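A.B. asks: Could you work out the structure for the sequence below:
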Amino acid sequence: MDRVKSSMQQVPNAIPKVIRRTGGANSLELEKENFERGQAVSINKAINTQEVAVKEKHARTCILGTHHEKGAHTFWAAVNRLPLSSNAVLCWKFCHVFHKLLRDGHPNVIKDSMRSKADLTDMSRMWGHLSEGYGKLCSIYLKLLITKMEFHIKNPRFPGNLQMSNRQLDEVGENDVNNFFQLTVEMFDYLECELNLFLGVFSSLDMSRSVSVTAAGQCRLAPLIQVILDCSHLYDYTVKLLFKLHSCLPADTLQGHRDRFQEQFRKLKSLFYRSSNLQYFKRLIQIPQLPENPPNFLRASALSEHISPVVVIPAEASSPESEHMVETDDLVDTDVPVLPPPVETKFDDLFGTSAAIDPFNFNNQNGMRKDDKDRLIEQLTREIQALKEELESFRLESGRLCQALRGRVSELEAELAEQSHLRLQAAGESEFLKAELDDLRRVREDTEKEQRSLTEIEKKAQANEQRYTKLKEKYTELVQSHADLLRKNAEVTRQMTVARAAQDEVEAVRREMQEKVKAAQEAADRQERDQLEQFQELQRELVSSRAELDSLKTTMVSSQQSSELLGTQLATLESEKAELVLSLSKVEAELAAQGEELQQVQCSLVTERESGVKTAETLQNQLNEKESREQELESQLVMARWSSLQGAVEEAEKIIRDSLAQIDDPAHISCTSSADYLASRCQASLDYMDRLHSAREAFIADNTGVSELVRVVTQCGHLVGDTIVQGSATSHMVPVEQADALSESVKACGAEALALMGQMKQQDSLAAADNSRLKAALEAILATAEKLRPRGLELQQGELGDLVEQEMAATSAAVESAAARIEEMLNKSRAVDTGLKMEVNERILASCTELMQAIKELILSSKDLQRDIVESGRGAASMKEFYAKNSRWTEGLISASKAVGWGATVLVDAADLVVQGKGKFEELMVCSHEIAASTAQLVAASKVKADKDSANLHRLQQASRGVTQATAAVVASTKSGKSQIEETDTMDFSSMTLTQIKRQEMDAQVLVLELETRLQKERERLGELRKKHYELAGVAEGWGEEEEGTG
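C.D. replies: Sure, this is the predicted structure:
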């Protein structure tokens, strides 16, 4: 309080300094500067390098600052000046303060902090290189903070402290199970980061000591309060979301969610339990306890048994209301009274009111004095205004200082209360530490006693270890010497085996030496087994001594008895060591004697081996000479067989090349052949392909049977060459498209045959030679030949030519008969009908007559064009032979002629019915369209082989256009007559009642629906009929086979 009074007494002296310092600055800028300065001070006090927990008042000041400026710009401006990357404790306390801001600060803190996400990620990666201490914890904490920011950015409906109602949680998912599924996964990741920090802090502390009462321990444990608050909400929301997902999705789909939840449940339960036992948390937070078993999500009713964990933070002795009032007083001044302006009437008090009243008129007496007085008034007015402004600034500054002093008083009172609370707490902790220190002293004394006894035992054990090491080294040397003997024994055995193969007399010596070596080896093995048993016994004794040493560490009471026992055991070990030394000396002597015997045996074996090797070399030379002579004879025989096969293959190649050369020879163009003969040659070649494959396989298995392969190769060459020649000759007799396809197939066959022969010429590629491609080429030629064979009606040459003439004549006769019938119907109509009906019939019949004349002209032009085509293409053959050779084209002409004649007949029948009033105009129009299509087919079939400059072709095209125009005239006259007749049938409803009209209207609607349904069905039927007609026409005229042949 004395400090407060002294501060109040110093206010009058401080105010002018503040006024001079500000110099009349804007109050808002000054307020902002004071706010930033206060925030910087609080941030620097909260985030420092001292390994103590962050004070709550400094963190609360930072939180209130974010609400004041509605963001975290000031916080990040101050933090960016801190060396977070160089001091782990500083970075750890920054993470703690930043976590508090994310939870309790303004909502814009998260958005403002996302700008520093990359820097936080780099800092986390940098601290992650440390494997212990604050560095590892900082890396984990930074990852948690980044995950928290990303979670709130993805899910902005979640506040920073994660407090939501059930209704708000349902609204987050927007009633979409996919959103709930994704939200659950994100909460799992969030909770996993929280648990990692929990485990990291606990693993970095020595829980065997009371670390929660030390400043360093509290520095690490303090951030876990925020983690506990987050974990309680995340656990609650995860349980509710999993129950919701199980109500919408099958259980198998959520098996991964359940497994992950159970793992996190076990970790969280264990961590909550360990935290609740720490003294530090008992006075700051009440940690909830999770149930014994995780919820059963497969049972929907288990949701009602779930109890949301609630974390309770008890009220502290230092209430935050005082500090909050200080901050709010800084923002709004509500206590400073408005002082009345004390100097507004000072001028009147000093000079009176004469200036306002001016009872005396001095203006007329002396003008100069008036100017002096005005200047004096203006000067005094300016000084008064300046004094007013200075007084106003003084008043504002005094109000701010009063306000600051009141805030300082409140802060000092709160700090005093906090210090008193800490003093009481420190007194209790000091008593607890004194008691714990006494316990530690007693434990240390006991430990020192046990340590001294253990030191003596360890010295004895170390001596035993040294003895054991020496014995082990000696045993290793013995094993090495034994291994050398075994290697020498193996070498001797190998040399004796070689000597026995060279000379039988060495066998007896080798047996004797083997017996000696075996005896020596058995003796060495027995000695080794004895030594190994002794060594194992030493090991067992050493193990027992170690076990006894461990028992001595746990039981300090019987240390003296164990020492005596170890002494006796050491004496026993020393005696056994002496025995082992004696046995080793004996073994070394025996091994030396055996080594001398082995040297003697080796000398005798060397001499015997040299003589045996000379004899074996002589025999081997003779055998090598015989084998070389046999190999030369075999190679000559193989070369002879291969040369004969190569000669046959080259001969076949020459035949095939000669056949391919004949294709390009101009003299070969006059050669012709039939498709039947070509098919027979192809079939023979295909039969020999199978024989060629079997003969080649037999030669590869046994190269002695080369004669069969030579015969087959030669015959295949002849057959393939003949097929190539006959294929080229057959192509001269078929249309251009099919001829080109057949020529390409023949050339491809020749190329494949040459490739096969090229593979069979090489010895290394004979096994890989494959005749499947040549066989496929021959099958393609065979298929083409089958297509070119005469088929269909199987007519003879003379019959096919006669049929063309007959069909053309029948078509002409049908057209002439139709024209005569139309003329007859026209005359009959003129005699019977009158008026409009006669006019319509005359118009229709006249157009039909014109159509018949146009068709007749078309047929004559077609005949002339066919005559030109036959004359130009038949060569030395007759007309009938030309028709037979071009059977496909001939059949097209026959089909088109039949269609024209049939169409003319049907048209006349339809016209007759229309004239008589029994037919339909639609039938007449359909018949006209059908005749137009048939004539177009006839024109196409006629001009397919015609010269484009032919005069008859131009006449045919002109006649075709005439048919088209005549058909259009028939359709137009039919439509016109139909409309004229329908106009005469006027609808008279004058005599009908309303009910009758309604009845007729319903009948008309029914009829319209029936006609529409029938129209749809008839259109579908027409489509099917056209499709079927196309298929039958293709089968009859060989369209499909022609397409395959050209393809």
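A.B. asks: which residue packs closest to Ser232, ignoring adjacent ones?
C.D. replies: Pro309 (4.5 Å; CB to CB, 6 or more residues apart in numbering). (C-beta placed from N, C-alpha, C; glycine too.)
A.B. asks: Ok, Ala215 next?
C.D. replies: Closest to Ala215 by CB to CB, 6+ apart is Val52, at 4.6 Å.
A.B. asks: still on that earlier bit, double-check that the residue nearest to Ser232 belongs to a strand.
C.D. replies: No. Counting by DSSP: H, G, I helix; E, B strand; the rest coil, Pro309 is not part of a strand but coil.
A.B. asks: so what's it up against?
C.D. replies: Ser232, Tyr235, Asp236, Pro288, Gln289, Leu290 (CB atoms under 8 Å, 6 or more residues apart in numbering).
A.B. asks: Okay, and which of the residues you listed map to helices?
C.D. replies: Ser232, Tyr235, Asp236 (DSSP state H).
A.B. asks: Which strands and helices lie in contact with the helix or strand hosting Lys614?
C.D. replies: Per DSSP states H and E, Lys614 falls inside helix 559-664. The elements that helix 559-664 packs onto, with contact taken as 3 or more CB pairs under 8 Å, 6 or more residues apart in numbering; DSSP states H and E, are helix 367-502, helix 506-554, helix 707-731, helix 736-761.
A.B. asks: Redo those as TSV? Include mean pLDDT, distance to Leu221 and mean neighbour count.
C.D. replies: Below are the helices and strands packed on helix 559-664 laid out as TSV (pLDDT from 0 to 100; distance: least, CB to CB, whole Å; neighbours: other CB atoms under 10 Å):
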stretch	mean pLDDT	distance to Leu221	mean neighbour count
helix 367-502	78	15	14
helix 506-554	70	34	15
helix 707-731	84	93	22
helix 736-761	83	84	19
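A.B. asks: buried stuff in stretch 666-686?
C.D. replies: Ser673, Ser674, Ala675, Leu678, Ala679, Arg681, Cys682, Ala684, Ser685, Leu686 (16 or more other CB atoms under 10 Å).
A.B. asks: correct me, but the fourth one touches Gly727?
C.D. replies: Yes. Judged on CB atoms under 8 Å, Leu678 makes contact with Gly727 at a distance of 5.7 Å.
A.B. asks: All the helices of the stretch 801-950 of the chain, in order from the start?
C.D. replies: 835-873, 879-885, 887-916, 921-943 (DSSP state H, counting those that start in this stretch).
A.B. asks: Can you lay out the ones you listed as TSV showing mean neighbour count and distance to Cys402?
C.D. replies: Listed next are the helices of the stretch 801-950 of the chain as TSV, based on neighbours: other CB atoms under 10 Å; distance: least, CB to CB, whole Å:
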stretch	mean neighbour count	distance to Cys402
helix 835-873	20	119
helix 879-885	20	127
helix 887-916	21	118
helix 921-943	20	110
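A.B. asks: Quick one: closest of the ones you listed to Arg406.
C.D. replies: In terms of CB to CB, the element of those nearest to Arg406 is helix 921-943, at 108.5 Å.
A.B. asks: just checking, what packs against that closest one?
C.D. replies: Packed next to helix 921-943, using 3+ CB pairs under 8 Å, 6+ apart, are helix 835-873, helix 887-916, helix 951-984.
A.B. asks: Is it possible to get JSON lines of these that adds mean pLDDT and distance to Val746?
C.D. replies: Shown next, in JSON lines, are the helices and strands packed on helix 921-943 (pLDDT from 0 to 100; distance: least, CB to CB, whole Å):
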{"stretch": "helix 835-873", "mean pLDDT": "75", "distance to Val746": "23"}
{"stretch": "helix 887-916", "mean pLDDT": "69", "distance to Val746": "21"}
{"stretch": "helix 951-984", "mean pLDDT": "75", "distance to Val746": "33"}
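A.B. asks: burial of Ala783, as a residue count?
C.D. replies: 16 (other CB atoms under 10 Å).
A.B. asks: is it true that it lies in a strand?
C.D. replies: No. Secondary structure of Ala783, determined by three-state DSSP: helix, with no strand assignment.
A.B. asks: Quickly note the distance from it to Lys474.
C.D. replies: Using CB to CB, to the nearest Å, Ala783 is found at 92 Å from Lys474.
A.B. asks: With Glu305 instead?
C.D. replies: Computed as CB to CB, the Glu305 to Lys474 distance reads 73 Å.
A.B. asks: next one: Gly962
C.D. replies: 128 Å.
A.B. asks: quick one: Val840 and Ser979 touch, right?
C.D. replies: No. Assessed by CB under 8 Å, Val840 is found out of contact with Ser979, at 9.9 Å.
A.B. asks: Now render the contacts of Pro309 as TSV, adding neighbour count, pLDDT and distance to Thr935.
C.D. replies: Listed next are these as TSV, based on neighbours: other CB atoms under 10 Å; pLDDT from 0 to 100; distance: CB to CB, whole Å:
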residue	neighbour count	pLDDT	distance to Thr935
Ser232	20	92	93
Tyr235	23	92	89
Asp236	20	93	88
Pro288	17	88	98
Gln289	10	87	100
Leu290	18	89	95
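A.B. asks: What does the pLDDT read for the spatially closest residue to Trp76 that is not a sequence neighbour?
C.D. replies: Leaving aside its chain neighbours, Trp76 sits nearest to Ser116 (6.3 Å; criterion: CB to CB, 6+ apart). For Ser116, the model assigns a pLDDT of 90.
A.B. asks: Go ahead and confirm Ser116 touches His73.
C.D. replies: No. Judged on CB under 8 Å, Ser116 makes no contact with His73 at a distance of 11.4 Å.
A.B. asks: What is the neighbour count of the residue nearest to Ala215?
C.D. replies: 14.
A.B. asks: ok so, going back, turn the helices and strands packed on helix 559-664 into JSON lines, including distance to Ala667.
C.D. replies: Output for the helices and strands packed on helix 559-664, formatted as JSON lines (distance: least, CB to CB, whole Å):
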{"stretch": "helix 367-502", "distance to Ala667": "78"}
{"stretch": "helix 506-554", "distance to Ala667": "87"}
{"stretch": "helix 707-731", "distance to Ala667": "12"}
{"stretch": "helix 736-761", "distance to Ala667": "17"}
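A.B. asks: Tell me which of those lies nearest to Ser583.
C.D. replies: It's helix 506-554; of those, that one is closest to Ser583 (CB to CB) at 6.8 Å.
A.B. asks: sorry, back to before: of the helices and strands packed on helix 559-664, give the one that comes closest to Glu823.
C.D. replies: Nearest to Glu823 among the helices and strands packed on helix 559-664 is helix 736-761; the distance by CB to CB comes to 45.4 Å.
A.B. asks: roughly how far is the closest one from the heart of the chain?
C.D. replies: Centroid separation between helix 736-761 and its chain, computed with CA atoms, centre = their mean, to the nearest Å, is 48 Å.
A.B. asks: Just want the angle from it to helix 707-731.
C.D. replies: 160 degrees (axes from the mean of the first three to the mean of the last three CA atoms, to 10 degrees).
A.B. asks: mind checking how far the residue most central in space within the chain is from Lys614?
C.D. replies: What sits nearest the mean C-alpha location of the chain, by CA atoms, centre = their mean, is Gln182, with 18.5 Å. Computed with CB to CB, the distance linking Gln182 and Lys614 is 89 Å.
A.B. asks: domain ranges for the chain?
C.D. replies: Domain assignment for the chain, taken from the TED database, gives 31-155, 162-313, 636-788, 799-984, 993-1032.
A.B. asks: ok, of those, where does mean pLDDT dip lowest?
C.D. replies: domain 799-984 (a mean of 71).
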